[in-house]
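J.: output the structure for:
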Amino acid sequence: MTICIDLFAGPGGLGEGFTKAGFEIAISVEKQPKECQTLLQRKLHHALVNRGDLELARSLALGDITVDDLRVDETTLVGECEAKVLQFELGSDPFADIHARISQNLKNKGKEPLVLLGGPPCQ
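T.: A predicted model of the protein is given here:
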């Protein structure tokens, strides 16, 4: 599976397309908090679908349950997905934080190709 880093991720439309095409988004970087919440919800949805928990994924997608509801029983899963969303303004300091988070999410990448996605900021 090809690994991607999604910069200027917004709510995740570009990453969603790549995910549906079989890519794995190792980390999504976005500066806006609401968009980061959407990214987290999408990552949780995909994680639930991938483990076969379709009813829980459907409930999350429909808004019957929230990310906060999942934190109660799915602490590990929520933590894993939170690690894949980084609220960060590119070009701000400290750069080491973003480098460390990206490196950690890529530590098991091996020799597969790496794709850098970059949706241009809407502004």
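J.: can you give me the helices for this structure?
T.: 13-20, 33-50, 54-62, 67-73, 75-82, 95-105 (DSSP state H).
J.: tell me which of the ones you listed sits most buried.
T.: When you average the neighbours per residue for each of the helices of the chain (mean count of other C-beta atoms under 10 Å), helix 33-50 leads with a mean of 18. C-beta: built from backbone N, CA, C; applies to glycine.
J.: what angle do it and helix 75-82 make?
T.: 120 degrees (axes from the mean of the first three to the mean of the last three C-alpha atoms, to 10 degrees).
J.: can I get helix 33-50 in PDB, CA atoms only?
T.: The C-alpha coordinates for helix 33-50 follow below in PDB (Å, rounded to 0.1, in the frame of the first residue of the first chain):
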ATOM      1  CA  PRO A  33      -9.500  23.300  14.100                       C
ATOM      2  CA  LYS A  34     -12.900  22.500  12.600                       C
ATOM      3  CA  GLU A  35     -11.400  20.800   9.600                       C
ATOM      4  CA  CYS A  36      -9.100  18.800  11.900                       C
ATOM      5  CA  GLN A  37     -12.200  17.500  13.700                       C
ATOM      6  CA  THR A  38     -13.600  16.400  10.400                       C
ATOM      7  CA  LEU A  39     -10.400  14.700   9.500                       C
ATOM      8  CA  LEU A  40     -10.400  12.900  12.800                       C
ATOM      9  CA  GLN A  41     -14.000  11.700  12.200                       C
ATOM     10  CA  ARG A  42     -13.100  10.500   8.700                       C
ATOM     11  CA  LYS A  43     -10.100   8.600  10.000                       C
ATOM     12  CA  LEU A  44     -12.200   7.000  12.700                       C
ATOM     13  CA  HIS A  45     -14.900   6.100  10.100                       C
ATOM     14  CA  HIS A  46     -12.300   4.400   7.900                       C
ATOM     15  CA  ALA A  47     -10.700   2.600  10.800                       C
ATOM     16  CA  LEU A  48     -14.100   1.200  11.900                       C
ATOM     17  CA  VAL A  49     -15.000   0.100   8.400                       C
ATOM     18  CA  ASN A  50     -11.600  -1.500   8.000                       C
END
